[in-house]
Every structure is written in C-alpha cells, then in structure tokens.
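Asker: Below: sequence and its predicted model.
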Amino acid sequence: MSEMAIPFSPLTRGANTNATPLPPLLEVDRKPLTKKDVAADHPTWCPGCGDFSVLALYFKLIEKRKLHHEKITTVAGIGCSSRFPYFVQAHGAHFIHGRALPFASGVALSRPDLHVCVFGGDGDAFSIGGNHFSHTARKNVKLSYVVMDNQVYGLTKNQTSPTSPVGYKSKTDIWGSNDRPINPIKQAISAGATFVARTSATNPNHVLAMMDQAMDHDGFSFIQCLSECVEFHPGAFDAATPRKGGVFAEISKEHDVTDEYAAYRLADEPWPGQFGVFYKTQRPTKNANEAKIISDYRAKTAGQADWQILQKSFDRLK
Amino acid sequence: MSAVASAGTASQPAVHQISEAVIRIAGNSQDGIQAIGGFLARLAGRSEQEVMTFMTIPSTISGGPSIFQVRIGSGEVLSAGDDADMLLAFYDHSYLAHLGSLKPGGIVLYDSDHLKPENIPAENLTKYRHVGVPISSLTVEAIGGTGRDKGKNVFALGLIAKMFDLNVPKLHRLLTERFAGKDPKIAETALNAFNFGYNHQLATATELFQFTVGQNVGKSQVVMNGNEAIAWGLIAAGVRFGAGYPITPWSDIMELLRRELPKYGGQFQQCEDEIASVSMAIGASWGGGVAVTGSSGPGISLKTEAIGWASMAEMPLIVVNIQRGGPSTGMPTSIEQSDLNISCFGGHGDSPRVVIAPSTVEDCFYSAIEAVNIARKYSTPVMLVSDQGIATRIEAFPEPDLKSLVQDISPDLSPVTEHKPYDLSAPDGVTRHLAPGTRIGNGKYPVVTGLEHDELGHPTGSPKLHVAMVAKRRNKLKKLATELPTPKVYGPSEGQVLLVSWGSTQGPTQEAVKLARANGQAISAVHIKYLNPLPNGLENVFAGFQHVFVVELNDEGLYGIGQLGALLRGRYADPRIRGITKTDGLTWKVKEILDRVSQLTR
Ligand SMILES: Cc1ncc(C[n+]2csc(CCOP(=O)(O)OP(=O)(O)O)c2C)c(N)n1
Ligand code: SF4
Ligand SMILES: [Mg+2]
C-alpha cells in the first residue's frame, strides 16, 4: 500500500460547525463585558455555597481587566467547584477528574495568546491530581489555578478530602479523619510554584486582588481559596471569617514574598493562618523555554516551507 | 536464495546470480549488529532493491543476545523470511541458537576466534557450508584496539559485501555519512575495517553471489523503520503538538518528535505520566490542532479514561499504540497484537473511536497522515495501532511526494456569527470545534465536556438528549465506514480458504498465499487496515470461501478465537470465521500459517 486509501479534501469552515464568518470588529467598537454578558448557566451549587462568591469575583475580574469573551479560557476537572466553566459565557472545558492542569497546560503551551484560568476542588487538585499539581508547578507553565478548598469531597457527598482536618467526620471516616491533611501552600512552594497565595471566598475584595495579581504573573500562579461547603462541612472556616467571630489575618506588608523560607514558616502557622501572597518569584516559564527552543530552530529553517524542511530529513534517509 | 550457477574455476569461486537472500546476523546487542543490518537495508534502498528486516532486542539494558535479519530482494519482499540463507554468528551461543533458522545447505559465516572449528559437530558440516574467519583478531589487526572493541561489525560487513558482491562505493559512502560530523578518524577507522574484511581471502568459500537487477530501477527510495515512518507521517500531516511518557517500543517516536517538531514551530512534551500526556495532548487539540500522544502496553491502559473523554467531547486526537506483549509489563520486547480490544473498546461507556492499523513501514507513514485527516474531519480520537515488529523493522519504500503531502492544519480563528459544537442537525452527526480565542458573534460560547450535554455543551440529564448524542457519536463513524474502501482480495476472490490479516501479519499471510497457490491450494487473503469502524462489504468478500481464518498474534482466548476474529464473528455471526493465533512473541512464519491452515481444514 503506497498511498492513502481515502480521498481527502482540505477542510474549510464548514456548514456543520454553523460557522458563518463574521466581519471582525475593531477593538475600539467593542464594549467591555458586563456581568450579564459573561454569566451563562445558573450555577447548580447549593444556596450559600462559597463557590458562588468565587464565580462572581471571576466575573468582576473579567470586567476589571476588560477582557473580551474569546480571550477568556476557563478549564476545570470534576467536582462541585469544577462545574465552573458552565457558568461562564466563554470558551470553556470541563475535563476529567484530577487532570485539569495537564489539559490546561496543553492549551497554554500550544496557544500562548490565551491566558488559561483553571478552577477546581481540593480533591481534584491534591488527591487524584496531586502528581500533576507538583509537575505543573515545577515546570512553571504559565496559567492560573484557583483551588476552591472546602476540605471535603462535595460532589460525591461528604467523603474525607486530602485537606480535611484530623477529626473531621465524613462518610468514609465516621470516627473522624485520622490522616494528616496536606498543606496546599507548602506543597505549592516546595513543588516550585512561582506565585502562591491564599484567600477566602468570604472576603471578596481580597479574592479579587489575589486573582488579579495571579493573572498578572508570568508563570504558574496558584491560589488556595477557602470556599465553604455549607452542605457537608459548614462552619469549617469560621475561624477566618470576621462575620462569624473569626479573624481574617492578612500577611503583613513586611513579608518578603521572594523569601522561600519565610513563606514556608508563614504557611506553617496554626489554623486559620494568614492570607495574601506567600511567595512570588520570577523563573523562566515552560512556555518561554519552549519558545526559545522553537525560535532557535526556526532561525535555521527560516524561509523554508514545512515540506522543504521535511524533505531535508528525507534526503538523509535515502 | 534462488540461484543460477555460472561457471567457476578451481581458483576462482563460482558466481551465482540470485534474486534474493535472507541474512541473519547473530551476536550480542553491543556488537553493533543492528548497525550492519541498517547498512545493508540502506544499501538495498539505494540499489533499487526491496528490503525488509527483523530484529530482536534484549530486554536487559546491558545487552545480551540479539539478532538482526535482513531480507534483500530484486522482487517483491513481503516478510523478513522464514529461514536464512546465511548466518553470521559471532559467538558459540549465536551459532547454537540460530543454526536451526538456516536453510539446509545454507552458509554459516562464523568468528573462529570464538567458535572453534574443532567444536563444530560433523553432521553440521555436511548439512551446512561453514566459513570460519577469525573476525575478532583480524579486526584488531586492521584497526588496533582489542577484540571487545567496536569495529568487528564493520569488518564483517566487508566480508558480507565480498560474498554478495555488494556495491562498495555505495557502502563507503554510507559509512562516511554515518560518521559525518564526528572525529574524521572514526570514519577512517571504519573504512579500514570494512576494506580489510572485503579484501580478506575467503579461503573456504567456494562461491560468491550477485543480486539480479531490482525492479524498482530509477525510483528514489527512502529507508526507515516503522516508528520513524509514523513520526514523519505525523509531521507531514501537520501535527505540531504532542505529549508522552517513555515506554518501549513507543519512546523513539516521542524522541524523534521532540527533536524535530521545533523546526516546524511545534513542540513535544515529556510529561509526568501517561494520563498527563493524553490530557495535555487533548488540551492542545482543543487549542486548535490535532495533537498526538502514544504509548505501549500499560501506558495505553492509563490513557483510556481520557480517550473516553475525547470520544464524548468529540475532540480530535491521535493515540499511537505500539503494541507489545502483555498484559501488565508482559513481554516488553516481544511482538504481539493483543491490544486490539483495548484500542477499539478500551474505556467505559459507549465511546466509539477510530482504529487504524498500518501493515508495513510505508503504510505507517501514510496511515499517520490519514489518521490525522480522519481525526479532524470527524472530530474524533483515532488510535493508530502498530506493533513492536513494524516499529523496529527497516524497509525501503518509494520516496513520498512531500510537496503535495505536507499540510498546514493550524486553526482558523477568524470570528463567526454562531456556533454549536454538538449541533444535532449536522449531517451524519459530523461536527467540529472552534478553537478558544475565536469570537462568536451571538455571544453564545461552547463548553467542551465529558458530561452528556446539549448542543452547546451544557450538561443535561435528559434521556432524549443522551439517546440523540449517543447516536450522533455513533453515526459519524458509520458515515466514515461508508468512505472506507472494501479491502481487495489478494488472489482469486473465490476458493477454499480466505486468510484475514491485520497489521504486521499482512506480509507473511500474503507470502503464505503465494506459496500455497504455487502448490495448487485455493487460498486467498484479505487485509483489514481499518478496524473500527470496519469497512462495509466484507461479507461479500467472505462469501467466496468455505473457510475464513483470521491470522493474528494474540491468544485464542476463552472462546477459541483471537481478537479480530471475535470482532468479525460478532459483526457477521458467520461460523466460517475461525482463528489462527499464537503468542510466542515472534512474527508469523509462512510455514506456521500453512501448517495451521492444513490442521483446520483437515
Ligand atoms: C476517576 C474518577 N474517580 C472518582 C470520581 C468521582 N468524583 C467526582 S468529584 C470527586 C471529588 C470532588 O471533590 P473536590 O475535588 O474537593 O471538589 P468539590 O466537589 O469538593 O468542589 C470524586 C471523587 C470521578 N468523577 N472520576
Ligand atoms: S455540596 Fe458543598 S461544595 Fe457542593 S455545591 Fe453544595 S455546598 Fe457547594
Ligand atoms: Mg472539595
């Protein structure tokens, strides 16, 4: 068999994508988006769930940064929190449990024109996706990751999560959890994340500020956002909620965000700890490293069509 | 080796004209026997001859016994050959293990520094022609160093070149090219070793051989192995992103793509595991390309959940599956076709995908392009299923017309008025995605998802929609089936036995047909390349025969039939369909196939 068996004609923007071309609008003619423009399906979350606030603040962030629809890319895995992309009127992807980060990395690396925002839960991030969390951080892939940490498996209805505190009574630990919870901030720093912050859904301004800084960051930006599951783990974050008699302690301006050890010590403070940017540093991103390899090669292949580059390789196979 | 003798004198060895020869080189993997095989294959390619190779690789890192078999011919070469015409044995163990694969009367060229002539049993001397050459010590004499050093493979290549009257200037050029860019002394040493071997007086050899002129005269050929052909095919098809995790025998595809893609503005990522790599590739496909991931054996198992997502979300994706012996870590360096089931059905739920299995190295190249085109056109994951045998074997094939083949599939991001990623009114259920970054005029944006969804990709619990979407995903592959050509019968379309092959069993199966027909048996063959969906019209092909035997390299299973056999039985419910299977980790021999046919038809 020396040829292709199926005749194939090049694909055009076809009728089957309903893709009638639209004349491009000048950027200046386009109005900034309002909350109404970016809200899609009504969220399926339980009334009072902390995730509502995170979604509202994502809308605010879009408004504040004057993003247009097509520049918003929202990706998630599986969980209550991970249903996020359905609620945003923009290109979105709802992938499989725990693998949102590698999926998002594929988008981020192949499409440097997009800034991908990934949302998910603590189980998705640190349990089934734990390995991906470490490696995406280590590689410093340029994207933002907001983990809506409710210290429980919400969607599957109350099992112990990797951030559930010792003693937490779930359906899988009826006597109270006995495994030491992971510390997401320490995990992120030690894995090599270059932007590490902590916030709580109960403090809207703070969430918005953290997301805004994360999106500005050139690298892997990680935010642990406490987000209460009112259904299964109510009151989990009262100690950090002034309205409930707790204290929302912001990291002092004196903290040197480039000092990894100071960040580590800060992250080790007893519950409920502090909030703000723990660690921030600049390291070449995976995107930049790959772009460098590509541009070095492209300098050598400049002016050649793809088939000519391939022909050179084939000439050596004769 | 079909030979026509020409006159020879007592002092001058006779020269025989031959149309083909099978040469088996046996030694340890560190002796560079793969390199000799590679030189011979590339020489054949440059000499307009057909060539096919077969090799075994030891599963230990430190090396160990290994063989490389080359079959060179002026006519059609369909397999690497059952038995060898010549055995080059570097050690006692190579001699003992491989003498059985030599035809009676065949030639053994052996290193008499290792295998002492006095240790050769007398009955062997009458059955085979023995030519002892102190290869190790002569190599030391030629280029210095010690007998353990590199060089004796090239010396032996010189001996073979002499024996088969190979084109010396072409071999010189191949050797020089091989070491180009390194210390010029290395190339010089190699040429010395080669010439020393070539000029060695083969005292006990009473005859020399000469290949008749090949039928491919004037055609430019390229020489590569199956894995390289897949990688180059993907590049030609416009694939610019890939992700993977190392595992033999898939790794060299990822290594080649990692090295080459940047030249085209693309990239290949090594990930933390197979799940990450399939996920990353799917992300890049959503980004607007057709991305590739791949693996072997256990790595494919790990990817199945994400492949199911690609099926559900209707995302184009290429999954290269270089099968090896399984299950689990299995027999990682042996040949098996036991991953057809996981390729077609691996995954929970009804998750249709396309499965294509190339049968030759050349077919690997074109199948890769075809896989990409199908993935794009039908917005579906495509499994490209090869095996350890094709992956490592070297073949020469006519140089492809790259100018007309190489395609640009980069995404079109120009704005559109509206878009439904899962439009149920689309003809035959075929829809395609818009890449993120595309502006949609009506402000309704799609979500790609693994949850059952409506036309915009939003979740639904509606049984009606689920039924409609399941049908959509099924129907588009049924449409593809109508585009697939019905396979042509090799041999007459009526007879007693039809052999069905897939993947690498095509060559030995067709050769079996040739041999059987020459002996008056009414045997034909059909090869199935598109395994999911199957092409239409096979029932008409089967109708011309009393027996339909599916030849494959996997177990007969609980119900006495192999994996493709079971698939065909399931589809056609035809009791004439039976299986010819085996699991010894080696390619089919023509004789084995014909023996099994006669057992089954007895
Ligand atoms: C492979 C796989 N295993 C298990 C599940 C079931 N599952 C869905 S969501 C989830 C945990 C969700 O917890 P978390 O990530 O914390 O999100 P939350 O619902 O709390 O927001 C599990 C176990 C699944 N969907 N896929
Ligand atoms: S179960 Fe918990 S996490 Fe899920 S929506 Fe309800 S409150 Fe939120
Ligand atoms: Mg949770």
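Answerer: Sure thing, it's come through. Ligands and ions are numbered 1, 2, ... in the order given.
Asker: Can you name the residues that contact B:Asp85?
Answerer: Going by C-beta atoms under 8 Å, 6 or more residues apart in numbering or on different chains, B:Asp85 touches B:Met1, B:Ala21, B:Val22, B:Ile23, B:Leu102, B:Lys103, B:Gly106, B:Ile107. Every residue, glycine included, has its C-beta placed from N, CA and C.
Asker: three-state assignment of the closest residue to chain B within the stretch 101-250 of chain A?
Answerer: Using C-beta to the nearest C-beta, A:Gly106 is the residue of the stretch 101-250 of chain A that sits closest to chain B, at 2.5 Å. Assigned with DSSP: H, G, I helix; E, B strand; the rest coil, A:Gly106 falls in the helix class.
Asker: my read is A:Ile276 is in a strand, agree?
Answerer: Careful, residue A:276 is Gly and not Ile. Yes - secondary structure of A:Gly276 (three-state DSSP): part of a strand.
Asker: how about the nearest residue to it, chain neighbours excluded?
Answerer: Excluding its sequence neighbours, the residue lying closest to A:Gly276 (C-beta to C-beta, 6 or more residues apart in numbering or on different chains) is A:Ile251, at 3.4 Å.
Asker: any idea how far the one you found lies from A:Tyr264?
Answerer: According to C-beta to C-beta, to the nearest Å, A:Ile251 stands 13 Å off from A:Tyr264.
Asker: what do you get for B:Thr392?
Answerer: 49 Å.
Asker: So which of those two has more stuff around it?
Answerer: Using other C-beta atoms under 10 Å in any protein chain shown, the more surrounded residue of B:Thr392 and A:Tyr264 is B:Thr392, with 23 against 16.
Asker: My understanding was that that one contacts B:Ala229; is that so?
Answerer: No - applying C-beta atoms under 8 Å as the test, B:Thr392 and B:Ala229 come out as separate, 11.6 Å apart.
Asker: Tell me how the chain divides into domains.
Answerer: With no chain named, the answer covers chain A. A:35-283, A:284-318 (automatic domain parsing).
Asker: wait, chain B
Answerer: As assigned by automatic domain parsing, chain B contains the domains B:14-218, B:222-405, B:414-483, B:489-601.
Asker: Ok, which of these comes nearest A:Pro85?
Answerer: Nearest to A:Pro85, of all those, is domain B:414-483, at 5.3 Å by C-beta to C-beta.
Asker: Please see if that closest one touches ligand 1.
Answerer: No - judged by C-beta under 6 Å from any ligand atom, domain B:414-483 stays clear of ligand 1, getting no closer than 9.1 Å.
Asker: Could you check how far that domain is from the centre of its chain?
Answerer: 35 Å (C-alpha atoms, centre = their mean, to the nearest Å).
Asker: Any stretches of the chain with poor pLDDT?
Answerer: Chain wasn't specified; assuming chain A. A:1-2, A:8-10, A:12-19 (pLDDT under 70).
Asker: try chain B instead
Answerer: B:1-12, B:57-63, B:146-149, B:203-206, B:214-218.
Asker: burial count for residue 169?
Answerer: You didn't say which chain, so I picked chain A. Neighbour count of A:Lys169, defined by other C-beta under 10 Å: 14.
Asker: wait, I meant chain B there
Answerer: 7.
Asker: what's the answer for the one 5 residues further on, then?
Answerer: Neighbouring residues of B:Leu174 were enumerated by other C-beta under 10 Å; the total is 18.
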